[in-house]
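Q: The sequence isn't on hand, but the structure is:
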């Protein structure tokens, strides 16, 4: 047992003292801090700039002409004044010609002009039409409202009654008995990506570490000093603790930074949703990260022991990587459609290689019965331990395999041999 603890502590210390590990962790924490402190910093600069800020720009003027003699001047001025609240409205003489209006707009006297030709037709006169000019979109809505109000007035309603009918407010109330997928989507999306990159990255680290030991012949010494299960479990658990510590530092610093700047993010639904996730989701994240990492790290470690050179790692681990990528894409597609409880996701929730993502997503964005959660975790836990012992057997035999990487048929033969011995 002492060998196991020594191997685990050595592996953990190797990660924590590795420059790339430390630099990546510090950089991600700094990026998290820069993003979450940005509103506070920008607000501070804005407050300092207000002391010497130039006077605000003058409001532009939009000209309005009733060339159709609709005869509702006050109504039109009030309507267009509300629709173009950031501009002044100038009511032009109906006798003014179109050429004169064009000249006034071209000279800059007016930012633009709307000439009403009938209750359903108008001209928009403007000098330079901007790419994001939405004047006609707003005017269309205003003229539609004006036309409907006029029609209701002709039917016998007073202008006030017509306005009341057109501006009726519809109220609603949503009674939620399960999860709100809109609010849970953002933090689920972030956490799935974190699981994806962490498991792939640390799985590759385990495979590389094992292959490096084999290429340097250090594995032959280690295998005589400790049992294969001690070596495999020690290396995987050590690297898993390093990954969990890194995720805790990054996510924990993000939570602290958010708490310090929470008032500046009050209007941002995405950020408040991410950092307002329930504690249970965070605990499930840790659980599925640990189990998902172990099951893939054991496979990466076993395949890494079959490599004679570090260059062979990518070729040997490609099937496992593809399996994990498929699980990722199935999960992301289901999240995008909102159907996180579709038959494929339900099936993937009980397959050990896909359940860390599939079941976690269903828990975060849906309502999963406790029995299904317990069954999924139990299957994943038993499979992780079984694959760990199987990987340890392959690790022991991989010490003696040199030369070209074994083909899939030979790998399967090694698996069958270990199953018989077990």
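A: Received the coordinates, thanks. The structure displayed is predicted, hence computed values, not measured ones. Numbers count the residues shown, from 1 in each chain.
Q: I'd assumed residue 63 was in a helix, is it?
A: No - secondary structure assignment (DSSP: H, G, I helix; E, B strand; the rest coil) places residue 63 in strand, not in a helix.
Q: Look at it and report its pLDDT.
A: Per-residue pLDDT puts residue 63 at 91.
Q: Would you mind confirming that it makes contact with residue 112?
A: Yes - the criterion here is C-beta atoms under 8 Å, and residue 63 meets it with residue 112 at 7.1 Å. Yep, even glycine has a C-beta here, placed from its N, CA and C like the rest.
Q: Could you tell me which residues touch both of the two?
A: By C-beta atoms under 8 Å, 6 or more residues apart in numbering, residue 63 and residue 112 have these common neighbours: 105, 125.
Q: any idea how far the residue nearest to residue 88 when sequence neighbours are not counted lies from residue 106?
A: The shortest distance from residue 88 to any non-neighbouring residue, by C-beta to C-beta, 6 or more residues apart in numbering, is to residue 61 (4.4 Å). Distance, residue 61 to residue 106, by C-beta to C-beta, to the nearest Å: 14 Å.
Q: May I see the domains of the chain written out as residue ranges?
A: 61-165, 179-421 (automatic domain parsing).
Q: So which of these is nearest residue 23?
A: Residue 23 lies closest to domain 179-421 among the domains of the chain, at 11.7 Å (C-beta to C-beta).
Q: Check the offset of that closest one from the chain's centre.
A: 19 Å (C-alpha atoms, centre = their mean, to the nearest Å).
Q: Quick one: low-confidence residue ranges for the stretch 251-400 of the chain.
A: 308-311, 398-400 (pLDDT under 70).
Q: tally of neighbours for residue 69?
A: The local packing of residue 69 (other C-beta atoms under 10 Å) involves 7 other residues.
Q: Touching, it and residue 94? I think so.
A: Yes - applying C-beta under 8 Å, one finds residue 69 in contact with residue 94, separated by 6.1 Å.
Q: just checking, the residue nearest to residue 88 touches residue 87?
A: Yes - using C-beta under 8 Å, residue 61 is in contact with residue 87, at 6.4 Å.
Q: can you list residues touching both of these two?
A: residue 111.
Q: Are we agreed that residue 116 is in a strand?
A: Yes - per three-state DSSP, residue 116 lies within a strand segment.
Q: And the helices in the stretch 101-250 of the chain?
A: Taking DSSP state H, counting those that start in this stretch to define them, one finds helices in the stretch 101-250 of the chain at 135-154, 159-166, 181-215, 218-225, 228-260.
Q: which helices and strands sit right next to the second one?
A: Right, helix 159-166. helix 135-154 (3 or more C-beta pairs under 8 Å, 6 or more residues apart in numbering; DSSP states H and E).
Q: go with 10 Å
A: The criterion is 3 or more C-beta pairs under 10 Å, 6 or more residues apart in numbering; DSSP states H and E, and the helices and strands that helix 159-166 contacts are helix 73-83, helix 135-154.
Q: wait, which of those is closest to residue 234?
A: Between these, helix 135-154 lies closest to residue 234; by C-beta to C-beta that is 65.9 Å.
Q: Just the buried residues of that closest one, please?
A: 135, 139, 142, 143, 145, 146, 149, 150, 152, 153 (16 or more other C-beta atoms under 10 Å).
Q: now the angle from it to helix 159-166?
A: 120 degrees (axes from the mean of the first three to the mean of the last three C-alpha atoms, to 10 degrees).
Q: Show me the helices in the stretch 301-422 of the chain, by range?
A: Under DSSP H, counting those that start in this stretch, the stretch 301-422 of the chain gives helices at 313-337, 343-348, 355-365, 370-398, 408-421.
Q: okay, those helices in CSV with distance to residue 291 and mean neighbour count next?
A: Shown next, in CSV, are those (distance: least, C-beta to C-beta, whole Å; neighbours: other C-beta atoms under 10 Å):
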stretch, distance to residue 291, mean neighbour count
helix 313-337, 13, 16
helix 343-348, 15, 16
helix 355-365, 6, 26
helix 370-398, 5, 18
helix 408-421, 21, 12
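Q: Is it possible to get TSV of those helices that adds distance to residue 83?
A: Formatted as TSV, the helices of the stretch 301-422 of the chain follow (distance: least, C-beta to C-beta, whole Å):
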stretch	distance to residue 83
helix 313-337	37
helix 343-348	47
helix 355-365	40
helix 370-398	53
helix 408-421	69
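Q: between the ones you listed, which gets nearest to residue 305?
A: Closest among those, once you apply C-beta to C-beta, is helix 370-398, at 3.1 Å.
Q: Can you name every helix or strand that that closest one contacts?
A: Looks like helix 370-398 contacts helix 181-215, helix 218-225, helix 228-260, helix 279-305, helix 343-348, helix 355-365, helix 408-421 (3+ C-beta pairs under 10 Å, 6+ apart).
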